[in-house]
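Asker: Fold the stuff below for me.
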Amino acid sequence: MELLVILLSILKVIGFILLVVLALILVIVLLILFSPICYQLAGNYTEEIGANFDVKWILGAIHIYGDYYNKDIRFSLRLFGYCVYGSDKKQKKNKKEIYTEQDTIISARSKQEEQQDKEQQQKQSSEQYTPQQNIEIEQKPEETTVEQKAKEKEERKKKETKQKHNRKKVTKPSNKKNQNKQKKEKQNGKLDKSYFLHMENKKELFQAIGKFCKRILKGVLPKHCYMKATIGTGDPAITGYILAATGAIKMKFAKGLHITGDFTQKIIKDVIVEIKGRILLAYLLYAVMRLLFVKPVRNIIMVLWKGYR
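Answerer: You can find the predicted model right below:
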C-alpha cells in the first residue's frame, strides 16, 4: 500500500509538471499569434534626408529601432529591455574602454615588467639544458618518422586489397529499383501544364488567390498614413496628372495625403512622411488556412503529396 501511495504521488507531481509545461507552451503560442507587430516610420526631406523607424513585438519584449541622419545609419535590437545588438551597445563598450592617462601608464609599465621577467626565465632555462638532452630530443622525431612510414605502408596495402575486392564484387542494378524510379518520375510529372489546362473550377482557384492577396495586404498595410510634399516636374501637364492621381488615391485609400504642385519649376521639397501600422500573425495564418481549404488548392496539394511519397 505504501508503494502505491508513493507511486501515485510521483505520478501526480509528473502530471502537474506536464500541465505547467503545456500551459507555458500554450501561453507562448498565443502571445506569438495574437500580440501585434507594431511598426512606425517617420521621415522628412528639407535640406537633407532624415528618417527613423521603430518595431515592437510581444508587448515590447522584442524592440528594433534605428534612424538615418547626416548620412549616418544607427540600428539597435533590444530583448526584454537589454540591448543585444546595435549602436547603443557599441556606445556602452566605448565608454567602458575609455581609460585615464594614469591607467594607461600603469598598464604599460606592468607589461614591460612581465616581458623582462619572461626573458630572464628563458635565459635561465636555456643555460640549464645539457647537450645530451638536445641529442635525445633530436633522436625522438627520427624514431617517430620511421613508425609513421611503416603505418602508412600498412594502410596503403589495406586500401589496395579493399579496392580489389570491390572491383570483383560489382553488382548489377536491380530491375525493381529502376521500376520504382520510373514510377516516381511519372507521378512527379502529373502536375504539369496539361493538368492546369484541364483542371476544373479554375475560376474558384483564381478567386481564392485574389481573396488571399487582399487579406494579406489588409493585414500588412499601415492603418495610419500621412504624407505632405511639394512636387514640381517642370512640365505643368505632368504635374497636373500627378495631382489628379493623388487626389483619386486620397479619396479611396489615404486621407492623410497632402501634395501641392509647383507648376513653375522642377522641385521636390518640404517632404514629411509618417506611417503607423500593426501586423497580427493570427490573421495571416487565418488567410493561409482559408486558401488551403479551397477545393482546387486541396486537389493540387493532394497531387503533389502523391507525387513526392
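Asker: Where does the prediction get shaky in the protein?
Answerer: Applying pLDDT under 70 to the chain flags residues 88-114, 116-118, 123-146, 149, 162-198, 252-254, 307-309.
Asker: Break down it into its helices, ranges please.
Answerer: Ranges of helices in the chain, per DSSP state H, are 2-34, 87-97, 101-128, 131-168, 175-188, 193-197, 202-220, 236-252, 281-292, 295-308.
Asker: which of the residues in stretch 219-230 are buried?
Answerer: 219, 222, 225-227, 229 (16 or more other C-beta atoms under 10 Å). The way it works is simple: take the backbone N, C-alpha and C, and place the C-beta from them, glycine included.
Asker: Just the CA trace of that stretch, in PDB.
Answerer: Provided in PDB are the C-alpha atoms of stretch 219-230 (Å, rounded to 0.1, in the frame of the first residue of the first chain):
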ATOM      1  CA  GLY A 219      -3.100  42.600 -42.600                       C
ATOM      2  CA  VAL A 220       0.200  44.200 -43.600                       C
ATOM      3  CA  LEU A 221      -0.600  47.700 -44.900                       C
ATOM      4  CA  PRO A 222      -0.400  50.600 -42.400                       C
ATOM      5  CA  LYS A 223      -3.500  51.800 -40.700                       C
ATOM      6  CA  HIS A 224      -2.300  55.400 -40.400                       C
ATOM      7  CA  CYS A 225      -0.500  57.200 -43.300                       C
ATOM      8  CA  TYR A 226       0.400  60.900 -43.500                       C
ATOM      9  CA  MET A 227       2.400  62.400 -46.300                       C
ATOM     10  CA  LYS A 228       3.000  66.100 -47.100                       C
ATOM     11  CA  ALA A 229       5.100  67.300 -50.000                       C
ATOM     12  CA  THR A 230       5.500  70.000 -52.700                       C
END
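Asker: And the contacts of it?
Answerer: Stretch 219-230 is contacted from outside by 39, 254, 256-262, 267-280, 283-284, 287, using C-beta atoms under 8 Å, 6 or more residues apart in numbering.
Asker: swap in stretch 24-37?
Answerer: 55-59, 278-282, 285.
Asker: Show me which of the residues you listed are buried.
Answerer: Buried among the contacts of stretch 24-37 (16+ other C-beta under 10 Å): 55-57, 278-279.
Asker: Distance to residue 241 for the residues you listed - can I get that in JSON lines?
Answerer: As requested, those are exported to JSON lines (distance: C-beta to C-beta, whole Å):
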{"residue": "55", "distance to residue 241": "36"}
{"residue": "56", "distance to residue 241": "39"}
{"residue": "57", "distance to residue 241": "41"}
{"residue": "278", "distance to residue 241": "34"}
{"residue": "279", "distance to residue 241": "34"}
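Asker: now, the most widely separated pair of the residues you listed?
Answerer: Spanning the widest gap among the buried ones among the contacts of stretch 24-37 are 56 and 279, at 11.2 Å by C-beta to C-beta.
Asker: Find the residues that touch each one of the two.
Answerer: Joint contacts of residue 56 and residue 279 (C-beta under 8 Å, 6+ apart) are 37, 39.
Asker: Residue 230 and residue 238, how far apart?
Answerer: 15 Å (C-beta to C-beta, to the nearest Å).
Asker: Repeat that for residue 201.
Answerer: Residue 201 is 45 Å from residue 238, by C-beta to C-beta.
Asker: Please apply the same query to residue 13.
Answerer: Counting by C-beta to C-beta - residue 13 and residue 238 are separated by 77 Å.
Asker: Residue 153 too?
Answerer: 84 Å.
Asker: How about residue 151?
Answerer: Counting by C-beta to C-beta - residue 151 and residue 238 are separated by 83 Å.
Asker: related to what we said a few turns ago, turn the buried residues of stretch 219-230 into JSON lines, columns for distance to residue 205.
Answerer: Listed next are the buried residues of stretch 219-230 as JSON lines, based on distance: C-beta to C-beta, whole Å:
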{"residue": "219", "distance to residue 205": "21"}
{"residue": "222", "distance to residue 205": "30"}
{"residue": "225", "distance to residue 205": "32"}
{"residue": "226", "distance to residue 205": "38"}
{"residue": "227", "distance to residue 205": "37"}
{"residue": "229", "distance to residue 205": "41"}
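Asker: So which of those residues belong to strands?
Answerer: Per DSSP state E, strands hold the following members of those: 225-227, 229.
Asker: Please dump those into TSV; it should also carry distance to residue 21 for every row.
Answerer: Converted to TSV, those look like this (distance: C-beta to C-beta, whole Å):
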residue	distance to residue 21
225	43
226	46
227	49
229	54
